[in-house]
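Chemist: predicted structure and sequence below. I'll ask about it afterward.
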Amino acid sequence: MSRPLHRGASGPRISGSSNDLCDSQMKHKTEKEELDRRGSYHSCLFLKFPFRLLLPDNYTPKYGMAENDFASDSLVVGTQRSRHRLTMLLLKFSLILIIILALTGSFWWAISISTTSRGHIFHGYRRLQEQLVLDLWDIGELSLGSSRLKELEFCPQEFENHVPCFNVSANLALSHSDSNEFDRFCGHEPRQNCLVVPPLNYKIPLRWPTGRDVIWFANVQITAQEVMSSGSLTKRMMMLDEEQISFRSASFMFDGIEDYSHQIAEMIGLRNESNFIRAGVRTILDIGCGYGSFGAHLFSNELLTMCIANYEALGSQVQLTLERGLPAMIGSFISKQLPYPSLSFDMLHCARCGIDWDQKDGIYLIEVDRVLKPGGYFVWTSPDTNFQGVIRTKEHKKMGKFVHDFAENLCWEMLSQQEETIVWKKTSKRNCYSSRKPGSGLSICSKSNDVESPYYRPLQACIGGTQSRRWIPIEDRTAWPSRANLNKRELALHGLHLEEYADDTDHWKTAVRNYWSLLSPLIFSDHPKRPGDEDPSPPYNMLRNVLDMNANFGGFNSALLEAKKSVWVMNVVPTNGPNYLPLIMDRGFVGVLHDWCESFPTYPRTYDLVHAAGLLSLEIGQPRRCTALDLFSELDRLLRPEGWVIFRDTAALIESVRALTTRLKWEARVVEVENNSDERLLICQKPFFKRQAN
């Protein structure tokens, strides 16, 4: 690991003192009067030279020269010693030239002061203000006492797969029941600032794309019995082989994922799943995703599938999906709106996802409608969909009939039904809602209730998103990959100018090139090849899961894709900053709102790379409900062993938080940003600490 860079600062130095010289000259009253008379009081430093040279050669001062006077030894040897006239003439011309240069320099110096003082004052004020905030931050951290200087301890073993805010026992104690005990409740459990250690036999995940289909059994919390169970479609695509779990999602089984996705494409009216892009489908929300095999198969067709599933203490769908290098997060339709903007996804998919859609007067289907783009598709695979054939129970018949009628009231069009799968298409026309039958029971949300980007708000019993300026049918949007670059009209919907957007795009293209040039030598100098591994082939996919903590316009995500990096990015928009999450979703990326004083809804060891540009500046400007240590310990929980963190912020903030990396046992260094003296990079790597057997 390279050592941290320490750059010193240097500036002009002036040796000696001119005050003594000036004071000495002022003692000679006769010389001062002569100076005033001749008009040579412009430079005290060169006072005697011009004064002496302009006098006759045989001039003897009235009071004589002082013993330590500047000219006493160099110019006045004595009245009896003869002088060489030629030497004196050369000295006179040389010193006169020096005087002229000195006066000219003083003139230009005065001009530069007048033109730049305002900028120096402004930057000085900014630095003072920033330093004040940092000092207050340091005072708060120092109030913790000597513990601030100590390294964090390792968490107990029960924290290996623990997710804060999802404490089932605590939720039950607070009377959260009726399935709400699995929901997210932050703030009622004490924060644990400790380092989560991987399971006993944890191994670094295999490189992409091998890691998509093969994962290490010890890296996830699941039993062999659960792996071999046949409770769902995607679980049947798994098999256990010694220390590994293999996913056979590409097999040509009768009930395989490939046949299933091909069937959905035909039901929409497409030839096969490779035509989803042409139909306007790019982003898919997979509810109760199993282990991500549906999204893994569609990834080869440039479709981006976000898996969400309830928190599970054992056998987590989300944890296995992330381990495979696929997008996933913990989420639930039970009681809260998801932290996604309205009109976010092109398709929602539910294959035996376990949601009772007929509960709470269809409020879960209203949430599906909210996050679905106009013209988007809702795919439901379940025995309950077979309401036209032989129904096994009255409950199935009741569920199927309810969903069918409710979808009609939501202005959804049923496109097709095959066996247990049914596909609806959301209307592209807003006037459909006003033309519904009277007494349908579903009202349009008012502007006060129609929040475009909610953050875990209670579910709303009204249709949202209809008043948004982003109401654009998916078939009218630019097809992927052109969708990633919004045009001038689309940017105007988000209040952006094309020039600002273009500058951001160029900035991140340069930044990604610099990041990769910095990370690649570090990765391959420290880990050129692990025992048993083959040499990595381009594009050297040591990184797959990327978290952007302050995504802004999604420029970092876009630059990674344009640079042909085989990664996916979870774009996070902090709740206390500008909300550009709708823009990010419109570009065909995935993202989420989040408050970084709370834990992120995912399991430990999720991401290979965490990126945070300007997050520190954003957080310190807000009323602080958490400390910098809280934030950094959460990042340690999210990072995989040997994972990387890149902080980009002002030099003062980077230096302020650098000490925290020592407490977390991270290896870190500070790097200067090219052509930007006010910013620094803090590049850190989390070491691999193995848990010892008891």
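Modeler: Good, I have the coordinates.
Chemist: mind pulling up the pLDDT for the residue nearest to residue 323 when sequence neighbours are not counted?
Modeler: Take residue 323 and drop its neighbours on the chain: the residue closest to it by Cβ to Cβ, 6 or more residues apart in numbering is residue 215, 4.8 Å away. For glycine as for every other residue, the C-beta is placed from the backbone atoms N, C-alpha and C. What the model reports as pLDDT for residue 215 is 93.
Chemist: ok, now residue 123?
Modeler: pLDDT, residue 123: 45.
Chemist: go on, residue 69?
Modeler: pLDDT, residue 69: 41.
Chemist: output the below-cut-off pLDDT ranges for the stretch 501-650 of the chain.
Modeler: 522-541 (pLDDT under 70).
Chemist: where do the helices sit along it?
Modeler: 555-562, 581-586, 615-620, 628-638 (DSSP state H, counting those that start in this stretch).
Chemist: which residues touch the last one?
Modeler: Applying Cβ atoms under 8 Å, 6 or more residues apart in numbering, the external contacts of helix 628-638 come out as 137, 141, 152, 191, 193-196, 547, 596-597, 599-600, 602, 604-607, 610, 619, 645, 657, 660-661, 663-664, 666, 686.
Chemist: return the alpha-carbon coordinates of it using CSV.
Modeler: The C-alpha trace of helix 628-638 is given here as CSV (Å, rounded to 0.1, in the frame of the first residue of the first chain):
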residue,chain,number,x,y,z
ALA,A,628,-18.6,11.2,11.6
LEU,A,629,-17.8,8.0,13.4
ASP,A,630,-21.4,6.8,13.0
LEU,A,631,-21.1,7.3,9.3
PHE,A,632,-17.7,5.7,8.9
SER,A,633,-18.7,2.6,10.9
GLU,A,634,-21.8,2.2,8.7
LEU,A,635,-19.6,2.3,5.7
ASP,A,636,-17.4,-0.4,7.2
ARG,A,637,-20.5,-2.6,7.6
LEU,A,638,-21.5,-2.1,4.0
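Chemist: mind listing what's buried along it?
Modeler: 628, 629, 630, 631, 632, 633, 634, 635, 636, 637, 638 (16 or more other Cβ atoms under 10 Å).
Chemist: how much space between the fifth one and residue 667?
Modeler: Counting by Cβ to Cβ, to the nearest Å, the separation of residue 632 from residue 667 is 14 Å.
Chemist: thinking again about what came up before, residue 487: which of the helices of the stretch 501-650 of the chain is closest?
Modeler: In terms of Cβ to Cβ, the element of these nearest to residue 487 is helix 581-586, at 11.2 Å.
Chemist: what lies in contact with that closest one?
Modeler: Counting by Cβ under 8 Å, 6+ apart, 283, 340-341, 343-345, 452-453, 470, 477, 483, 486, 490, 494, 496, 551, 553-554, 557, 571, 573, 591-593 sit against helix 581-586.
Chemist: which ones among the residues you listed map onto strands?
Modeler: In strands, defined here by DSSP state E, the members of those are 283, 345, 571, 573, 591, 592, 593.
Chemist: residue contacts, the residue nearest to residue 323?
Modeler: 205, 206, 244, 245, 247, 320, 323, 324.
Chemist: secondary structure class for the closest residue to the first one other than its chain neighbours?
Modeler: In space, residue 205 comes closest to residue 211 once its chain neighbours are excluded; the distance is 4.9 Å by Cβ to Cβ, 6+ apart. Secondary structure state of residue 211, per DSSP: H, G, I helix; E, B strand; the rest coil, is helix.
Chemist: on that earlier part again, ok, so of the contacts of residue 215, who is nearest residue 624?
Modeler: Taking Cβ to Cβ as the measure, residue 624 lies nearest residue 323 of the contacts of residue 215, at 34.2 Å.
Chemist: how many neighbours does the closest one have?
Modeler: By the measure other Cβ atoms under 10 Å, the count of residues near residue 323 is 26.
Chemist: list the contacts for it?
Modeler: Applying Cβ under 8 Å, 6+ apart, the residues near residue 323 are 205, 211, 215, 219, 220.
Chemist: where does it fall, phi/psi-wise?
Modeler: Main-chain dihedrals, residue 323, degrees, to the nearest 10: phi -60, psi -30.
Chemist: how near is it to residue 655?
Modeler: Separation of residue 323 from residue 655 (Cβ to Cβ) stands at 36 Å.
Chemist: what is the least confident helix or strand in this protein?
Modeler: helix 48-53 (a mean of 36; mean pLDDT, DSSP states H and E).
Chemist: could I get the buried residues of helix 628-638 as JSON lines with distance to residue 431?
Modeler: Formatted as JSON lines, these follow (distance: Cβ to Cβ, whole Å):
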{"residue": "628", "distance to residue 431": "52"}
{"residue": "629", "distance to residue 431": "54"}
{"residue": "630", "distance to residue 431": "49"}
{"residue": "631", "distance to residue 431": "47"}
{"residue": "632", "distance to residue 431": "52"}
{"residue": "633", "distance to residue 431": "52"}
{"residue": "634", "distance to residue 431": "46"}
{"residue": "635", "distance to residue 431": "48"}
{"residue": "636", "distance to residue 431": "52"}
{"residue": "637", "distance to residue 431": "49"}
{"residue": "638", "distance to residue 431": "45"}
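Chemist: and the top strand by length along the chain, what does it pack onto?
Modeler: The residue-count maximum for a strand in the chain (DSSP E) belongs to strand 639-650. Under the contact definition 3 or more Cβ pairs under 8 Å, 6 or more residues apart in numbering; DSSP states H and E, strand 639-650 sits against helix 498-526, strand 607-613, helix 615-620, strand 676-685.
Chemist: of all those, which one is nearest residue 431?
Modeler: helix 498-526 (31.5 Å).
Chemist: next, the buried residues of that closest one.
Modeler: Counting neighbours by 16+ other Cβ under 10 Å, helix 498-526 gives 501, 504-505, 508-509, 511-512, 515-516, 518-519, 522-523 as buried.
Chemist: okay, now the unreliable bits of the stretch 51-200 of the chain?
Modeler: Applying pLDDT under 70 to the stretch 51-200 of the chain flags the ranges 51-84, 106-149, 168-182, 188-189.
Chemist: and with 90 instead?
Modeler: Counting by pLDDT under 90, the stretch 51-200 of the chain has low-confidence residues at 51-150, 158, 162, 165-192.
Chemist: circling back to that earlier point, please produce CSV containing the helices and strands packed on strand 639-650, extended by distance to residue 417.
Modeler: Shown next, in CSV, are these (distance: least, Cβ to Cβ, whole Å):
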stretch, distance to residue 417
helix 498-526, 43
strand 607-613, 40
helix 615-620, 47
strand 676-685, 52
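Chemist: so which of the ones you listed gets nearest residue 543?
Modeler: Short answer: strand 607-613, nearest of these by Cβ to Cβ, at 4.4 Å.
Chemist: elements contacting that closest one?
Modeler: Secondary-structure packing of strand 607-613 (3+ Cβ pairs under 8 Å, 6+ apart): strand 545-548, helix 628-638, strand 639-650.
Chemist: for the last one, which positions count as buried?
Modeler: Along strand 639-650, the positions that meet the burial threshold by neighbour count (16+ other Cβ under 10 Å) are 639, 640, 641, 643, 644, 645, 646, 647, 648, 649, 650.
Chemist: separation between the nearest residue to residue 581 once chain neighbours are set aside and residue 591?
Modeler: Excluding its sequence neighbours, the residue lying closest to residue 581 (Cβ to Cβ, 6+ apart) is residue 573, at 4.3 Å. Note on residue 573: its distance to residue 591, by Cβ to Cβ, is 6 Å.
Chemist: now swap in residue 577 and tell me
Modeler: As judged by Cβ to Cβ, residue 577 and residue 591 stand 13 Å apart.
Chemist: more neighbours, the two?
Modeler: Between residue 577 and residue 591, counted using other Cβ under 10 Å, the more crowded position is residue 591 (26 against 18).
Chemist: beta partners of the more buried one?
Modeler: Beta-bridge partners for residue 591, by DSSP bridges, are residue 571.
Chemist: touching, it and residue 572? I think so.
Modeler: Yes. Between residue 591 and residue 572 there is a contact at 6.4 Å, judged by Cβ atoms under 8 Å.
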